[in-house]
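> build me a model from this:
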Amino acid sequence: MSLTHDIQARLESVEFKMMEMEQTIAELNEVILRHYQDIERLSATNAALQKQLDEVGSGGKAPSDIDQLPPHY
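The predicted model follows:
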């Protein structure tokens, strides 16, 4: 194998590996974006639940009939 051919083969190998890495980075970026969106949604849900808990704890909002447990027979 000539030196030029060897260098060309190595260059193609590096380019292929780089292409795979770019694809992996794009996929990981999508995962990170989905996780960020999930965290934002869960944070909003957590804040709403904390607000409800604070209201119940301070007596600001009376529990509804649905929240009451039925009597045991």
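> quick check: phi and psi on residue 6?
phi -60, psi -40 (degrees, to the nearest 10).
> how many residues are close by it?
10 (other C-beta atoms under 10 Å). The way it works is simple: take the backbone N, C-alpha and C, and place the C-beta from them, glycine included.
> so residue 68: helix, strand or coil?
coil (DSSP: H, G, I helix; E, B strand; the rest coil).
> tell me the spacing between it and residue 21.
Separation of residue 68 from residue 21 (C-beta to C-beta, to the nearest Å): 59 Å.
> repeat that for residue 70.
Taking C-beta to C-beta, one finds residue 70 at 60 Å from residue 21.
> residue 34 too?
21 Å.
> need the pLDDT of residue 69.
Note for residue 69: predicted pLDDT of 70.
> give me the number of residues near it?
5.
> give me the phi and psi for it.
Residue 69 adopts backbone torsions of phi -80, psi 140, taken as degrees, to the nearest 10.
> residue 70 and residue 21: which has the busier surroundings?
residue 21 (10 against 5).
> now do that one against residue 32, distance only.
Distance from residue 21 to residue 32, counting by C-beta to C-beta: 16 Å.
> so for the chain, the centremost residue is which one?
With distances taken as C-alpha atoms, centre = their mean, the residue of the chain nearest its centroid is residue 35 (1.1 Å).
> does that residue sit in a helix or strand, and which one?
Under the criterion of DSSP states H and E, residue 35 resides in helix 3-58.
> for residue 57, give me the pLDDT.
For residue 57, pLDDT reads 84.
> now residue 10
97.
> and it, how far is that from residue 18?
The gap separating residue 10 from residue 18 is 13 Å, by C-beta to C-beta.
> okay, and the common contacts of the two?
Contact criterion C-beta atoms under 8 Å, 6 or more residues apart in numbering; residues shared by residue 10 and residue 18: none found.
> show me the contacts for the residue nearest to the centre of the chain.
Shown in contact with residue 35 (C-beta under 8 Å, 6+ apart): no residues.
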